[in-house]
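Participant: got a sequence here, can you build the structure:
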Amino acid sequence: MTLSYSYKYLIWRSPVCSGCSPITPFSSRDSEPHCPRDRRSKEGTKISPGQTRLAALAARPDGGWKGGTQDEPAEPPSPRPSAPSWDPARSLAPRCASLPSSSSVTEFTTLSDGNPKESSPFINSTDTEKGREYDGKNMALFEEEMDTSPMVSSLLSGLANYTNLPQGSREHEEAENNEGGKKKPVQAPRMGTFMGVYLPCLQNIFGVILFLRLTWVVGIAGIMEAFCMVFICCSCTMLTAISMSAIATNGVVPAGGSYYMISRSLGPEFGGAVGLCFYLGTTFAGAMYILGTIEILLAYLFPAMAIFKAEDASGEAAAMLNNMRVYGTCVLTCMATVVFVGVKYVNKFALVFLGCVILSILAIYAGVIKSAFDPPNFPICLLGNRTLSRHGFDVCAKLAWEGNETVTTRLWGLFCSSRFLNATCDEYFTRNNVTEIQGIPGAASGLIKENLWSSYLTKGVIVERRGMPSVGLAEGTPIDMDHPYVFSDMTSYFTLLVGIYFPSVTGIMAGSNRSGDLRDAQKSIPTGTILAIATTSAVYISSVVLFGACIEGVVLRDKFGEAVNGNLVVGTLAWPSPWVIVIGSFFSTCGAGLQSLTGAPRLLQAISRDGIVPFLQVFGHGKANGEPTWALLLTACICEIGILIASLDEVAPILSMFFLMCYMFVNLACAVQTLLRTPNWRPRFRYYHWTLSFLGMSLCLALMFICSWYYALVAMLIAGLIYKYIEYRGPQLLVLVRVDQDQNVVHPQLLSLTSQLKAGKGLTIVGSVLEGTFLDNHPQAQRAEESIRRLMEAEKVKGFCQVVISSNLRDGVSHLIQSGGLGGLQHNTVLVGWPRNWRQKEDHQTWRNFIELVRETTAGHLALLVTKNVSMFPGNPERFSEGSIDVWWIVHDGGMLMLLPFLLRHHKVWRKCKMRIFTVAQMDDNSIQMKKDLTTFLYHLRITAEVEVVEMHESDISAYTYEKTLVMEQRSQILKQMHLTKNEREREVQLIHDQSAPSCPSSSPSPGEEPEGEGEGDPEKVHLTWTKDKSVAEKNKGPSPVSSEGIKDFFSMKPNQSNVRRMHTAVRLNEVIVKKSRDAKLVLLNMPGPPRNRNGDENYMEFLEVLTEHLDRVMLVRGGGREVITIYS
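Facilitator: You can find the predicted model right below:
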């Protein structure tokens, strides 16, 4: 294409068909020529030169719409009015409508309803197909960054088609199913609240403690204290569940379990703290379940399997521990092998294990009902008030009658030197009688009064029945441990019982572990978890009362059921048989152990892959199908530590501490983030309040002190450190300010805006650069620091200032960006003012410094905020009683654009401003669907805002755009070739710049900007205009001060097509922004990146000027490429 210019008229000469506009560029998407006279549609429809694209599509036999099915035809996009085109002399050929190829037509109709490859809710993907979204002229200003910043239309389409698939065992199972065969389609999550959350929580909460220790806890603590203990523990988990519900409604719940949900919502720091505590608790829970399995196996199912035998009664405890270690190690090895080989079988048998738990609980309640009118027959034998173990005798009597002869029983032989009547017997045995009472009197026996109060024991003390007559021995008389008494195996006290019991209420996160399988995780997790806790709490509280009402106190205090023939104590109450409980509890503990060994390695793998703890990253690797091999090995090793402890009563308090720390961190995080109003905390759970989280945290802390005071002190220290860290996290600002000759801040409104963004919270670094040497300018730097500190105190900005002295401003700013911050408190956002008079500066160093600043923040993955017309920004004392904050969301580069208005509206200056979000739909986008998707996206973000989709039609490049581009390029070329003095150069720059002003209807300087040069009223200007009226006006002007030769050289250059397209984007966007947001209190806009080719830097500044013309307050926002606001947080 060639251009020839005349001084007063401009004539286009084009080699293309006369029926086509020479301005229309050839689209890279179109595989056919643009001339409609040389092209027919695929169906053979003739396209006339005057037809638009929509008209051409509508003329096709199928109506132009593709992508629908026979049953569900695709809804056609609403017709858009054609954009007005420029016709300079109204004698050129009609405008050519650029019809796309058939592939483009399909894209036009299916793009917003299709299934893009990008399915991750973390939007910053690098899908190569995003490049299609930048084709055409409208978005050319953003095309160089299309590989990192997707257009909003593709972003919303990806979110609308996002499917929340689970991780872990699901992938393993799919990998096995797909090996060697056709890949099966992945089913969408279909599990509801009952199957997906409620039942898994029941399975994990009900466990070994209910069957093996709850009766003992009730017998030792009594009904009253046991009731208080259960109520406190259940209240702790219920309050934690409310906090978890707030987390679950704080954005879309990701697949991958509780850790992903917490870390994506609360951040990696809290997520890492909670995740590690949860991992260790789950691992030791696996050890506890395995020990429970071995205890049931050796004590109640097959006692003869014991490898180590005790020679006397005093050695039974040690022999039992050794047996637990050996068998526990064997069972751990088998379970780890099963998890390694076939995880899918563990998940398939989960319902079987859950059935065992529910059946066992129902058997207990059935036994309670039956005991009211027909108590089971489980007699216990007492010597005086001492409980006897049934292992060594069968008849509860000293003597027995055989015919007419009195003979001694086996019990006699246990207390006397021989079986004869004249044998020497134990003194207590001689003085007291032997009695037999029912161990299960039943619910109607009135036994509840006797079991109301506690009866704590010390180790080695005989379990005695209160209220029974007994002839005691002299104080200090030793007790023979070989006698068949029921002894207390450990010293008991309330705090110990709390530590042992608390694991029975854990498992509340089991529902969120299946978050990827849930149809509606935000609804199912809160509902299912709270209902499960309510159900289990009711079962535990009722069990405390029923156990105390039905079972004799000495039997309750008999931990291993020695007084009832070695039966499981809770099994003696069950109906129809104690074996229901024994077998059911055995399989349930086996299943719980397998579930722990399945979940814990995946949790560790997730933490390792997040890189929170560097030395754990090796455990993020696994098999090709994703199985966490190394994490499983570490989990088995940690679990073996619990196995070697060998005592269920000693392992339970350890995992209680880990779970309490985990729950405390969850409650603390929710409470602190609510109080600090952190931007990523926006839960929708209606029953959540920060006081509930604070109460839950206090309960967890109190229980930790009850269990172990030194652990509690360590936890408080960690919690305090995390609190201070949370207070200073979020967008850490580096504010770059300029000081005048008196070392006063030129634009104090920047610090006012900083205070409004941070709402008085978090850390801010205020930096400034002085030119010169350190030795000469050190006093000025000190005065500048003092001035900045005073202003920070006045504006209530927390942080510190940093003044750098450098030989030039460029290096000084670079040093501030690289070295600003303190330790881990590094800035992640840079706030700077727009260089207003960049056109007048000598050597153009000001705008060069600005563009290098943009490039450096991009390279450092820092967000950049540029305020234009900063003098018009409100101070902290001001208030906006109405108005709006308008967000123009064009490309997505990390979400900072969405976060800033949310932060500003926390401040009283902007609190009454409503938020409006505008996005741009192009020709190929379904604007109706885009609005629906954007509304859904904002719902997931928990942001309330008005949504509007602005349609930008494909239109020819206007004369005004060409004029702006030519003037811009001519100004750049002149300054490179002409050697002018400083004053002459400034005057020439202003002269060339003013040539474009009359072409725009409103050409006054932007509000808040000072005039940028001299000679504003100079009538002697060269007008490069395109309309006939302006050409006539040019004739009537006086002679130009520029010679004809100069004019010829001046216009000898061609307009760069890339610059024309970029200017077209800036002009069109500015038109729609001014139309919609002229009255907005603040306009936030995506900031295009600088050109990769540095030769066009000066043009970049002009593009930004055009983009923001005629707007009062503008903030250009450039994200750092990292997600700062997501559907998760």
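
Participant: what number of residues lie near residue 623?
Facilitator: Neighbour count of residue 623, defined by other C-beta atoms under 10 Å: 12. Placement of C-beta: from N, CA and C, glycine included.

Participant: wait, residue 404
Facilitator: So residue 404, with other C-beta under 10 Å, has 5 neighbours.

Participant: so who does it touch?
Facilitator: By C-beta atoms under 8 Å, 6 or more residues apart in numbering, the contact list for residue 404 is empty.

Participant: mind checking how far it is from residue 554?
Facilitator: Per C-beta to C-beta, to the nearest Å, residue 404 is found 36 Å from residue 554.

Participant: please apply the same query to residue 739.
Facilitator: Using C-beta to C-beta, residue 739 is found at 85 Å from residue 554.

Participant: neighbour-wise, which of the two wins?
Facilitator: Taking residue 739 and residue 554 together and counting by other C-beta under 10 Å, residue 554 has the greater number of neighbours (25 against 20).

Participant: mind listing the helices for the stretch 351-500 of the chain?
Facilitator: Under the criterion DSSP state H, counting those that start in this stretch, the stretch 351-500 of the chain contains helices at 410-415, 427-431, 494-501.

Participant: give me the contact list for the shortest one.
Facilitator: Helix 427-431 is contacted from outside by 383, 384, 386, 398, 415, 416, 471, 472, 473, 477, using C-beta under 8 Å, 6+ apart.

Participant: which residues does residue 447 contact?
Facilitator: Neighbouring residues of residue 447 by C-beta under 8 Å, 6+ apart: 441, 548, 549, 550, 551, 552, 553.

Participant: pick out whichever of those residues sits closest to residue 466.
Facilitator: Compare each of these with residue 466 using C-beta to C-beta and the shortest gap goes to residue 553, at 6.8 Å.

Participant: okay, now the domains of the protein?
Facilitator: For the chain, the TED database gives the domain ranges 191-373+498-727, 729-878, 880-993+1057-1128.

Participant: for residue 787, helix, strand, or coil?
Facilitator: Under DSSP: H, G, I helix; E, B strand; the rest coil, residue 787 falls in the helix class.

Participant: if we can go back for a sec, include distance to residue 350 when you put the helices of the stretch 351-500 of the chain into a markdown table, please.
Facilitator: Output for these, formatted as a markdown table (distance: least, C-beta to C-beta, whole Å):
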| stretch | distance to residue 350 |
| --- | --- |
| helix 410-415 | 47 |
| helix 427-431 | 52 |
| helix 494-501 | 25 |
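
Participant: give me whichever of the ones you listed is most buried.
Facilitator: helix 494-501 (a mean of 22; mean count of other C-beta atoms under 10 Å).

Participant: what does it rub up against?
Facilitator: 209, 213-214, 217, 220-221, 225-226, 229-230, 232-233, 454, 456, 490, 649, 652-653, 656-657, 703, 706-708.

Participant: tell me which element the residue nearest to residue 772 when sequence neighbours are not counted falls in.
Facilitator: Leaving aside its chain neighbours, residue 772 sits nearest to residue 805 (6.0 Å; criterion: C-beta to C-beta, 6 or more residues apart in numbering). Taking DSSP states H and E as the definition, residue 805 sits inside strand 799-806.

Participant: so in that sheet, which strands flank that strand, and in what orientation?
Facilitator: Paired neighbours of strand 799-806 in the sheet (DSSP bridges): strand 764-771 (parallel).

Participant: what average pLDDT does the partner strand get?
Facilitator: Mean pLDDT, computed over strand 764-771, is 88.

Participant: any regions of the stretch 1-150 of the chain where pLDDT drops low?
Facilitator: Applying pLDDT under 70 to the stretch 1-150 of the chain flags residues 1-139, 143-150.

Participant: wait, the stretch 751-900 of the chain
Facilitator: For the stretch 751-900 of the chain, the stretches flagged by pLDDT under 70 are 759-762, 821-825, 841-844, 894.

Participant: go again using 80 as the cut-off
Facilitator: 758-763, 820-826, 836-846, 892-896 (pLDDT under 80).

Participant: quick one: the helices in it, in order.
Facilitator: For the stretch 751-900 of the chain, the helices defined by DSSP H, counting those that start in this stretch cover 774-795, 809-819, 845-859, 896-904.

Participant: what angle separates the first one from strand 764-771?
Facilitator: It refers to helix 774-795. 150 degrees (axes from the mean of the first three to the mean of the last three C-alpha atoms, to 10 degrees).

Participant: report the residue spans of the stretch 501-650 of the chain with pLDDT below the cut-off.
Facilitator: When residues are selected by pLDDT under 80, those of the stretch 501-650 of the chain lie in 511-517, 610-617, 622-627.
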